[in-house]
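Engineer: got a predicted structure plus its sequence, pasted below:
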Amino acid sequence: MTLNHSIVVGGTRGLGRALVELWAEGTSAISVVGRKLPDASVPTLRDGIRFYSADLTKFETITSTFDEIVKVAGPVSRLVFSQRFRGTGDTLDGELDVGVKGTQRIIDYLVSKDLFAEQSAIVVLSSVLGQFIAAEQPLGYHVAKAAQDQLVRFYAVQLASRGIRVNGVAPNLIEKESGREFYLKNPELKRHYESLIPLGHMGTPRDVANAIDFLCSDRAAHITGQILTVDGGLTVLLQHSLGARPDIRPI
Ligand SMILES: NC(=O)c1ccc[n+]([C@@H]2O[C@H](COP(=O)([O-])OP(=O)(O)OC[C@H]3O[C@@H](n4cnc5c(N)ncnc54)[C@H](OP(=O)(O)O)[C@@H]3O)[C@@H](O)[C@H]2O)c1
């Protein structure tokens, strides 16, 4: 695959930003989309990385922004969706509009205009909450993540003949920059999480970025329609094993 042009939707912050930082080490043109442009204090990383402001809930904004993006940097080889609804109001409507419909609108628009490069890849940031329930997250988040997983499988089949692979990445407990202070103030919670994760530590945004990078690469050339879990093994443990001490084995 030629890596001429990558687009990271939701790449101004969080996990998307970590991917932009990883890809900034390479040479491809990178277009980063967020609701707002990053403030001037955020480094722009290098030439060839351009930031665009677009609200994914507004179709007209999507068409004009993506027309501009492709006009400037060419057809898309890697397209990653890392946006997350952070608005107020009904979270079910918001999560579906930003996470699911926003993704669908962009893919359909780029396909309809034939704006993907040959042999391209799409990755959607999902979550283990597409399959499991976390008490602290709202209904809308769970429903949107399950819908995104099906969206990945649907487009994987629909777009395969065009040479476009579509996969998802499902992170779990990730220690983001913005959460560092929280865990510093709550070290016992962090220790608790670490004690549950078979690999013994929380994931990092770079761990997630590496998984996305792999799925976008030629090394994943025969992989499409898959959701790759990045969670240090946590979700493969049977529930009752989570509370068991690893040094005590039942006979
Ligand atoms: N963080 C985790 O631990 C974790 C775990 C599992 C799954 N995930 C998934 O990973 C993805 C990224 O999560 P995150 O925590 O890194 O997100 P985040 O830090 O909240 O960043 C969200 C990004 O989405 C953009 N965005 C939000 N609403 C938008 C809209 N209406 N139009 C255009 N852009 C919009 C934001 O732009 P602005 O800054 O301009 O608003 C920002 O760039 C999400 O799909 C999330 O569900 C994250």
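Structural biologist: Sure, I can see it. Note that the structure is predicted; figures quoted are calculated from it, not measured. Numbering: from 1, shown residues only.
Engineer: measure His222 to the ligand for me?
Structural biologist: Look at His222 and the ligand: by C-beta to the nearest ligand atom, to the nearest Å, they are 25 Å apart. C-beta coordinates here come from the backbone N, C-alpha and C atoms, glycine included.
Engineer: neighbours around that residue, how many?
Structural biologist: Neighbour count for His222, taken as other C-beta atoms under 10 Å: 6.
Engineer: ok, now the one 4 residues further on?
Structural biologist: Burial of Gln226 is recorded as 17 neighbouring residues (other C-beta under 10 Å).
Engineer: so the nearest residue to it once chain neighbours are set aside, which state does it fall into?
Structural biologist: Spatial nearest neighbour of Gln226, excluding adjacent residues (C-beta to C-beta, 6 or more residues apart in numbering): Asn167 at 5.1 Å. At Asn167 the chain is in strand, as set by DSSP: H, G, I helix; E, B strand; the rest coil.
Engineer: tell me who's in contact with Asn167.
Structural biologist: If a contact means C-beta atoms under 8 Å, 6 or more residues apart in numbering, then Asn167 has 121-124, 152, 156, 215, 220, 223-228 as its contacts.
Engineer: beta partners for it?
Structural biologist: Bridge pairing for Asn167 (DSSP bridges) gives the partners Val123.
Engineer: give the buried residues for stretch 68-77.
Structural biologist: Across stretch 68-77, burial judged by 16 or more other C-beta atoms under 10 Å covers 69-70, 73, 75-77.
Engineer: centre of the chain to that stretch, how far?
Structural biologist: 20 Å (C-alpha atoms, centre = their mean, to the nearest Å).
Engineer: and it, average pLDDT?
Structural biologist: The pLDDT scores in stretch 68-77 average 97.
Engineer: show me the shaky parts of the stretch 151-251 of the chain.
Structural biologist: Applying pLDDT under 70 to the stretch 151-251 of the chain picks out residues 245-251.
Engineer: interface residues of it facing the ligand?
Structural biologist: When proximity is defined by C-beta under 6 Å from any ligand atom, the stretch 151-251 of the chain lies next to the ligand at 171, 174, 176.
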